[in-house]
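S.K.: here is the input, now give the coordinates:
(one chain, ligands or ions: 1)
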Amino acid sequence: MTPHESDYVHRSNPNGTTDSICKSCFLTVASAIWEADLDSAEREHKCDPFRLKSLRKSVQRANEAAKSTSPRRMKQSLAC
Ligand SMILES: [Zn+2]
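M.R.: Numbers count the residues shown, from 1 in each chain. Presented below is the predicted three-dimensional model:
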C-alpha cells in the first residue's frame with residue numbers, strides 16, 4: 001500500500017461496486033466493481049481548492065453555531 005492510498009476511504013455498495021472517497025474533499029472519486037480499478041482514479045484525483053475552501057468555511061460555521069447553542073444559552077432561551 002502506498003501512502004497515497006490512505007488518502008481515500010473505500011465504501012462497498014449494495015450493488016457490488018466500491019466507492020473511493022477522498023478524505024480531504026469528501027468527493028467520490030470513482031466507483032468500480034474491482035477495488036484495483038479505483039487506483040488510477042485515485043492517482044489522478046486532485047482536490048478542488050475552491051471545494052476545500054468552501055468545506056473549511058462550512059466547518060467553521062458549524063463550530064460557531066455549536067458555540068452559540070451552548071447549554072447556558074439554551075437554558076436562557078427555554079426560560080423565555
Ligand atoms: Zn479530494
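S.K.: could you give me the buried positions within stretch 50-59?
M.R.: For stretch 50-59, the neighbour count (16 or more other C-beta atoms under 10 Å) marks L55 as buried. Every C-beta, even on glycine, is put in place using the N, C-alpha and C of the backbone.
S.K.: residue contacts, L52?
M.R.: L52 makes contact with 24-25 under the criterion C-beta atoms under 8 Å, 6 or more residues apart in numbering.
S.K.: let's see that with 6 Å instead.
M.R.: For L52, the contact set (C-beta atoms under 6 Å, 6 or more residues apart in numbering) comprises C25.
S.K.: just the pLDDT for it.
M.R.: The model reports L52 with a pLDDT of 94.
S.K.: what are the phi and psi values at the most centrally placed residue in the chain?
M.R.: Centrality entry for the chain: nearest residue to the mean C-alpha point is F26, 3.0 Å, by C-alpha atoms, centre = their mean. Dihedral pair for F26: phi 60, psi 20, per degrees, to the nearest 10.
S.K.: now it, nearest residue through space, not along the chain?
M.R.: Using C-beta to C-beta, 6 or more residues apart in numbering and skipping residues adjacent in sequence, the residue nearest F26 is L55, 7.1 Å away.
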